[in-house]
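Peer 1: I would like the atomic coordinates for the input below:
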Amino acid sequence: MINQPIPSSNSYSAAIRYHISNGTPKEALLLYTQIRRNPLCMLTIAPLILKACASLSMIHYGKAVHCESIKAGVASDVVVGTSTVSMYGKCCDVINARKMFDEMPVKNVVTWNAVISSYMRDGATETALCLFEKMSDRTAVSWIEMIAGYAKVLDTEMARCLFDQVPLSLKNVVTWSVMVDGYASNGQMKAAKDMFEVMPGRSFYVWSSMVSGYFKKGDVEEGKAIFDRIKVRNLVHWNSLISGYCQNGLCKEALDAFAKMQSDGFEPDEVSFASALSACAQLGLLETGKVLHSMIIQKRIKVNQFILNGLVDMYAKCGDLTSARLIFDNGSEIERNDSCWNAMISGFSIHGYCREALEFFNKMEKSSVNPNEITFLSVLSACAHAGFVEDGLTTFKKLAKYGLSANVKHYGCLIDLLGRAGRLVEAYRIVTKMPMRPNDTIWGALLGACRVHSDLIMANRVLERIKLQDSCDSSCYVLMSNIYAASERWEKAESLRIAMSSNRVVKTIGHSSVTLNTT
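Peer 2: From the prediction side, this is the model:
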């Protein structure tokens, strides 16, 4: 038998580094398992593996690597130690990050930056500032970590104070970009624009921050104006524009931009497709969504969590629940988050498959993903439309089980559920004991139930409560007028219409829309 040559640590290092740089850290960890018991490799391999653990937020694996570096006697090495501090910080374990930092016999500026970043990520700005002030040497990264950290906790005033203190030799385009992004991320677009206009140089990142910031504020016109000023565009700029249109409900414009991006020579990536699929879902364009799905397959786009969610949501909202479920079930290798589950549950709910919505909710409860407020809203809506009163009441009580508080929309679904079932007294009692003020929608749902069940006594009680709210919503008054008319109390109906006119309560004009097939 011929002995196979043992690969060197350098060859393993190169392979692991390749996987990390190409966004496949799991493969890097698989390679590590082949050499983990070789102490001679730990000095060069450990920093890379710790970086992979940080990117995957695999703190337990990271702790194991930390232990193995101690056994190999390399944990005190400044590079290995710094990587360990960084790993703990990125995995949100600031206590172990600080412990490792304190135990290191030798530290460099990168080590200090790593522990400061850990505290900033944890929101512990005062501790981070104390460490920052103790640093004997600071780099541009040191200042950037502090500025970005304060901006993240919404303290742009302190972030700007630090920015103004950055030495001129360290105030580079990244420092400027981080400050502009801090303003833009917090919706302070005037301050962002003022700083953006005086920047000595602009990175592609800062252009994208400005475009995204304006769209996030709902200022579509200004966001598009900034985009149009970009002389050399890249895929990130286009993605900011497309997703910005989607966020503001301008889905046709989003799809037009998606097409224009390709005509300009840019290949869409996962972000592009996720936004385009969202646009199709909102517009109900199933055929266009199918074309996008085919493109994803043809271009061999990696189906990550965003693509999976986008496909499931698009098919579900467009009514193709068979395809939605097939994609959901086939996506078991990808971690399905609450958005993916919600897409299926709401899809079943809005298309009348209420029993299936409840079944999926039960499956979600048995999975590792907890339902959120949106999940409960979809399930309660399904129960209301299907008349599943007991299921709805049980579901509503489960909100507390997951540490969630019912909002006015959840109560609206509950009142609708009880009202449809004719349990008007129970519904009225819940409305009067709600922890927040009932809105016109809730009163309207209860009043509508009174009309369906011809309960004039309860309707009058509801109307008296509505009058106390000084509401100007005409729908409740119109409903009440119709209830009086249905019971042939014409004088009451007419007097209510006159009261509406006197109080200047304007009836909302109804609108209808149709989509014409021009092909």
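
Peer 1: ok, and what's touching stretch 190-209?
Peer 2: Outside stretch 190-209, the residues that touch it by Cβ atoms under 8 Å, 6 or more residues apart in numbering are 156, 173-174, 176-177, 179-181, 183-185, 210, 213, 226-227, 230, 232, 234, 236-237, 240. Using the backbone N, CA and C atoms, a C-beta is placed for each residue, glycine as well.

Peer 1: are any of those residues buried, and which?
Peer 2: When the contacts of stretch 190-209 are checked for burial by 16 or more other Cβ atoms under 10 Å, the buried set is 156, 174, 176-177, 179-181, 183-185, 210, 213, 226-227, 230, 236-237, 240.

Peer 1: so where's this structure uncertain?
Peer 2: 1-10, 35-40, 467-519 (pLDDT under 70).

Peer 1: now, which of the buried ones among the contacts of stretch 190-209 lie within helices?
Peer 2: 156, 174, 176-177, 179-181, 183-185, 210, 213, 226-227, 236-237, 240 (DSSP state H).

Peer 1: residues in contact with D228?
Peer 2: Applying Cβ under 8 Å, 6+ apart, no residues contact D228.

Peer 1: What's the separation between it and A254?
Peer 2: In this view, D228 and A254 are 16 Å apart by Cβ to Cβ, to the nearest Å.

Peer 1: W112 too?
Peer 2: Taking Cβ to Cβ, one finds W112 at 44 Å from A254.

Peer 1: Excluding covalently adjacent residues, which one is nearest to S185?
Peer 2: Closest residue to S185 apart from its sequence neighbours, by Cβ to Cβ, 6 or more residues apart in numbering: A151 at 6.5 Å.

Peer 1: Is that neighbour in contact with V178, as I believe?
Peer 2: Yes. Using Cβ atoms under 8 Å, A151 is in contact with V178, at 7.4 Å.

Peer 1: Tell me which of the two has more neighbours.
Peer 2: Neighbours per residue (other Cβ atoms under 10 Å) separate A151 from V178, with A151 holding more: 26 against 23.

Peer 1: Which of the helices or strands spans the residue nearest the centre of the chain?
Peer 2: In the chain, the residue lying closest to the centroid (Cα atoms, centre = their mean) is S339, at 8.6 Å. Per DSSP states H and E, S339 falls inside helix 338-350.

Peer 1: what's that helix in contact with?
Peer 2: Contact with helix 338-350 is made by 305, 308-309, 312-313, 315-317, 321, 324-325, 328, 331, 354, 356-357, 360-361, 364, 367, 369-372, 374-375, 378-379, 381-382, 385, as judged by Cβ under 8 Å, 6+ apart.

Peer 1: rerun that using 7 Å as the cut-off
Peer 2: For helix 338-350, contacts defined as Cβ atoms under 7 Å, 6 or more residues apart in numbering pick out 308-309, 312-313, 316-317, 321, 324-325, 328, 356-357, 360-361, 364, 369, 371-372, 374-375, 378-379, 381-382.

Peer 1: got the contact list for the nearest residue to A15 once chain neighbours are set aside?
Peer 2: Nearest-residue entry for A15: L31, 5.7 Å, with adjacent residues in sequence omitted and distances by Cβ to Cβ, 6+ apart. Counting by Cβ under 7 Å, 6+ apart, L31 makes contact with 12, 15-16.

Peer 1: go on, M458?
Peer 2: Counting by Cβ under 7 Å, 6+ apart, M458 touches 424, 428, 450.

Peer 1: If you rank these by neighbours, which is first?
Peer 2: Counting neighbours by other Cβ under 10 Å, the top entry in the contacts of M458 is C450, with 25 neighbours.

Peer 1: how much space between the residue nearest to L250 when sequence neighbours are not counted and R233?
Peer 2: Leaving aside its sequence neighbours, L250 sits nearest to V220 (Cβ to Cβ, 6+ apart; 6.6 Å). Relative to R233, V220 is positioned 18 Å away (Cβ to Cβ).

Peer 1: Same question for S454.
Peer 2: Noted for S454: a distance of 63 Å to R233, by Cβ to Cβ.

Peer 1: same question, A382
Peer 2: A382 sits 44 Å away from R233, taking Cβ to Cβ as the criterion.

Peer 1: who has more neighbours, those two?
Peer 2: Comparing A382 with R233 by neighbour count (other Cβ under 10 Å), the higher total belongs to A382, at 29 against 17.

Peer 1: List the buried residues in the one helix or strand C246 maps to.
Peer 2: Assessed by DSSP H and E, C246 sits inside helix 235-247. Going by neighbour count (16+ other Cβ under 10 Å), the buried part of helix 235-247 is 236-247.

Peer 1: just checking, what packs against that helix?
Peer 2: Helix 235-247 sits against helix 204-217, helix 220-229, helix 251-263, helix 270-283, with contacts defined as 3 or more Cβ pairs under 7 Å, 6 or more residues apart in numbering; DSSP states H and E.

Peer 1: okay, those in CSV with distance to L414 next?
Peer 2: Output for the helices and strands packed on helix 235-247, formatted as CSV (distance: least, Cβ to Cβ, whole Å):
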stretch, distance to L414
helix 204-217, 33
helix 220-229, 36
helix 251-263, 31
helix 270-283, 27
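
Peer 1: quick one: which of the ones you listed is nearest I49?
Peer 2: Across the helices and strands packed on helix 235-247, I49 has its closest neighbour in helix 270-283 (25.6 Å, Cβ to Cβ).

Peer 1: between the following helix or strand past that closest one and helix 251-263, how big is the angle?
Peer 2: Under the assignment DSSP H and E, the closest C-terminal helix or strand after helix 270-283 is helix 286-298. Angle between the axes of helix 286-298 and helix 251-263 is 30 degrees (criterion: axes from the mean of the first three to the mean of the last three Cα atoms, to 10 degrees).

Peer 1: How far off centre is helix 286-298?
Peer 2: 24 Å (Cα atoms, centre = their mean, to the nearest Å).

Peer 1: next SSE after that helix?
Peer 2: Once the chain leaves helix 286-298, the next helix or strand it forms, by DSSP H and E, is helix 305-317.

Peer 1: which outside residues touch that following helix?
Peer 2: Residues contacting helix 305-317 (Cβ under 7 Å, 6+ apart): 270, 273-274, 277-278, 280-281, 284, 289, 293, 296, 301, 323-324, 327-328, 331, 334-335, 337, 339-340, 343-344, 346-347.

Peer 1: Can you go through the residues you listed and name the buried ones?
Peer 2: 270, 273-274, 277-278, 280-281, 289, 293, 296, 301, 323-324, 327-328, 331, 334, 339-340, 343-344, 346-347.

Peer 1: From the contacts of L31, list the buried ones, please.
Peer 2: Using 16+ other Cβ under 10 Å as the burial test, these include 12, 16 as buried.

Peer 1: with the contacts of L31 in mind, which one is nearest to I442?
Peer 2: Nearest to I442 out of the contacts of L31 is I16 (Cβ to Cβ; 57.9 Å).

Peer 1: does that closest one sit in a helix, a strand or a coil?
Peer 2: Of the three states, I16 takes helix under DSSP: H, G, I helix; E, B strand; the rest coil.

Peer 1: ok, back up a step: ok, which of the helices and strands packed on helix 235-247 comes nearest C130?
Peer 2: C130 lies closest, by Cβ to Cβ, to one member of the helices and strands packed on helix 235-247: helix 204-217, at 29.3 Å.
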